[in-house]
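S.K.: no sequence on this one, just coordinates:
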């Protein structure tokens with residue numbers, strides 16, 4: 001089961017990481033290319049590419065633009081320049097840019113406008129003075145105060161309009177004073193653009209941003225109401241992602257045309273984190289946050305799940321694009337840091353991290369189960385056990401049975417994680433391994449039965465105990481052990497995901 005899980009774990013992410021190949025005119029995409037360029041930081045970027053190979057970092061593509069020229073470009077896992085990658089939350093930076101363009105055009109007044117002012121004839125649930133004070137800027141900086149009842153990083157998919165769903169939620173925190181990573185609220189910004197431009201968000205984006213950049217027919221997901229998602233769902237090729245980064249590096253100018261004002265480029269990529277901000281959940285910026293951009297010292301990042309990155313460094317005049325399968329979220333940032341530090345921290349596969357974290361819990365479970373089994377044998381079956389040195393023999397038996405239960409439960413948890421990942425991403429492209437769900441259910445039943453049968457046979461062979469009439473105790477015990485194991489290790493995995501999400 002572990003072998004099956006690990007061999008197909010990558011397939012799940014690969015399946016949802018892209019939307020296939022698109023028609024792409026490589027000769028007329030507006031880029032100049034010199035992959036043999038000996039630019040100023042060539043050695044550092046070559047070292048980074050070598051680290052990707054040495055540490056087997058799960059990159060899909062890496063692209064470096066220096067002074068407007070593609071100087072390094074590499075694709076992995078049979079992906080190409082035509083692959084439309086899922087950018088995940090990189091999408092947010094595009095939404096921010098469209099707001100900037102709308103403000104440049106005068107169809108939106110200011111980032112300080114209350115969002116409800118753009119819905120004058122609509123009454124929302126949970127109205128309050130706090131909700132009336134939520135501005136466009138609050139949404140752009142993740143400080144709106146909307147309360148979903150749970151961490152929105154793990155909130156379930158929304159039916160209907162995402163924008164209306166958010167607008168109907170209560171605002172339980174004073175806007176501007178707490179930071180919550182929120183992929184839902186940016187959809188409000190897209191809806192405001194639609195209202196003010198009197199056109200669809202996709203038409204507005206094509207006219208003002210995509211077509212001028214030479215990005216043809218981008219795929220961008222929408223909710224049940226037909227509204228383009230503001231926080232995720234945009235699919236682009238690596239070269240198209242690089243164009244967006246280069247646009248910002250050039251202060252909003254592309255081929256002599258000012259697509260977005262220099263003022264917006266500077267404002268949206270500046271630090272806007274409030275002083276003494278309250279971080280409500282575990283996801284927080286490692287440095288600072290702009291208008292749906294992650295802001296660092298000397299560079300800023302459009303960042304998406306699994307290591308999708310557009311890194312813009314104005315001081316060193318480069319754009320770095322990553323697409324990857326990195327669910328830990330650490331690798332891409334470490335790779336970029338290595339350029340400056342000349343010391344690569346390393347990358348560890350997510351399941352390796354999970355295995356290491358599980359060792360302590362496995363030991364605690366093993367001790368707890370051994371004690372529980374020993375108590376059951378000593379006080380529940382004591383009169384039936386006739387062997388000499390009963391306590392020592394019972395302790396060894398308890399340990400063996402407990403190890404089997406914990407180990408088989410851990411393997412079952414791997415299957416449960418596999419299913420959970422498949423279902424989590426299924427909303428966009430469907431379940432990848434539907435039969436695996438039934439296989440896991442069968443596995444759970446077989447393991448439960450094996451735990452009961454193993455205990456019966458061990459007790460018969462080692463202690464000459466007849467287990468007749470004991471099934472009413474051993475079956476519930478086996479079920480309890482297995483459920484507890486799955487619950488514990490699955491939560492260990494969720495904690496790991498929570499720490500690295502963003």
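M.R.: Structure's in. What do you need? Quick caveat, the model's predicted, so the values are computed rather than measured. Numbering: from 1, shown residues only.
S.K.: For the rest of this, base every contact and every neighbour count on C-alpha atoms.
M.R.: Fine.
S.K.: where does the stretch 301-450 of the chain have low pLDDT?
M.R.: Counting by pLDDT under 70, the stretch 301-450 of the chain contains low-confidence ranges at 327, 344-350, 380-390, 424-432.
S.K.: 50 - rerun?
M.R.: Low-confidence regions of the stretch 301-450 of the chain, defined by pLDDT under 50, are absent; no residue qualifies.
S.K.: Where do the strands of the stretch 1-150 of the chain begin and end?
M.R.: For the stretch 1-150 of the chain, the strands defined by DSSP state E, counting those that start in this stretch cover 18-21, 32-33, 59-66, 69-75, 83-86.
S.K.: Can you give me the buried ones in stretch 288-300?
M.R.: Buried residues in stretch 288-300, counting neighbours by 16 or more other Cα atoms under 10 Å, are found at 288-296, 299-300.
S.K.: chain center to that stretch: distance?
M.R.: Relative to the mean C-alpha coordinate of its chain, stretch 288-300 is positioned 19 Å out (Cα atoms, centre = their mean, to the nearest Å).
S.K.: Over it, what's the mean pLDDT, rounded is fine.
M.R.: Computed over stretch 288-300, the mean pLDDT rounds to 96.
S.K.: Endpoints of it, how far apart?
M.R.: With Cα to Cα, to the nearest Å applied, stretch 288-300 spans 9 Å between its terminal residues.
S.K.: Contacts for it, please.
M.R.: Contacts of stretch 288-300 from elsewhere in the structure, counted by Cα atoms under 8 Å, 6 or more residues apart in numbering, are 92-93, 96, 137, 140-142, 267-273, 285, 287, 301-303, 311-315.
S.K.: Give me the neighbour count for the spatially closest residue to residue 210 that is not a sequence neighbour.
M.R.: Leaving aside its chain neighbours, residue 210 sits nearest to residue 216 (6.9 Å; criterion: Cα to Cα, 6 or more residues apart in numbering). Using other Cα atoms under 10 Å, residue 216 has 17 other residues around it.
S.K.: tell me which element residue 216 falls in.
M.R.: Remark: residue 216 resides in no helix or strand, with elements defined by DSSP states H and E.
S.K.: any idea how far it is from residue 245?
M.R.: Using Cα to Cα, one gets 17 Å for the distance from residue 216 to residue 245.
S.K.: Burial check on residue 360, number of neighbours?
M.R.: For residue 360, the number of neighbouring residues by other Cα under 10 Å comes to 11.
S.K.: tell me the SS of it?
M.R.: The three-state assignment at residue 360 reads helix, by DSSP: H, G, I helix; E, B strand; the rest coil.
S.K.: just the one 5 residues further on next, same as before
M.R.: Counting by three-state DSSP, the backbone at residue 365 sits in helix.
S.K.: my read: it touches residue 406, true?
M.R.: Yes. With contact taken as Cα atoms under 8 Å, residue 365 and residue 406 are classed as touching, separated by 6.9 Å.
S.K.: Common neighbours of these two, please.
M.R.: The overlap between the contact sets of residue 365 and residue 406 (Cα under 8 Å, 6+ apart) consists of residue 485.
S.K.: give me the number of residues near residue 460?
M.R.: When neighbours are defined as other Cα under 10 Å, residue 460 has 14 of them.
S.K.: Residue 466 is in contact with that one, correct?
M.R.: Yes. With contact taken as Cα under 8 Å, residue 460 and residue 466 are classed as touching, separated by 6.2 Å.
S.K.: Let me see the backbone angles for the residue nearest to residue 313 when sequence neighbours are not counted.
M.R.: Beyond its immediate neighbours in the sequence, the residue positioned closest to residue 313 (Cα to Cα, 6+ apart) is residue 299, lying 4.4 Å away. Phi and psi for residue 299, reported as degrees, to the nearest 10, are phi -160, psi 170.
S.K.: if I look at residue 299, how far off is residue 186?
M.R.: As it turns out, when the distance is counted by Cα to Cα, residue 299 lies 23 Å from residue 186.
S.K.: What of residue 398?
M.R.: 55 Å.
S.K.: Neighbour count for those two, which is higher?
M.R.: When neighbours are counted by other Cα under 10 Å, residue 398 and residue 186 differ, and residue 186 comes out ahead with 26 against 23.
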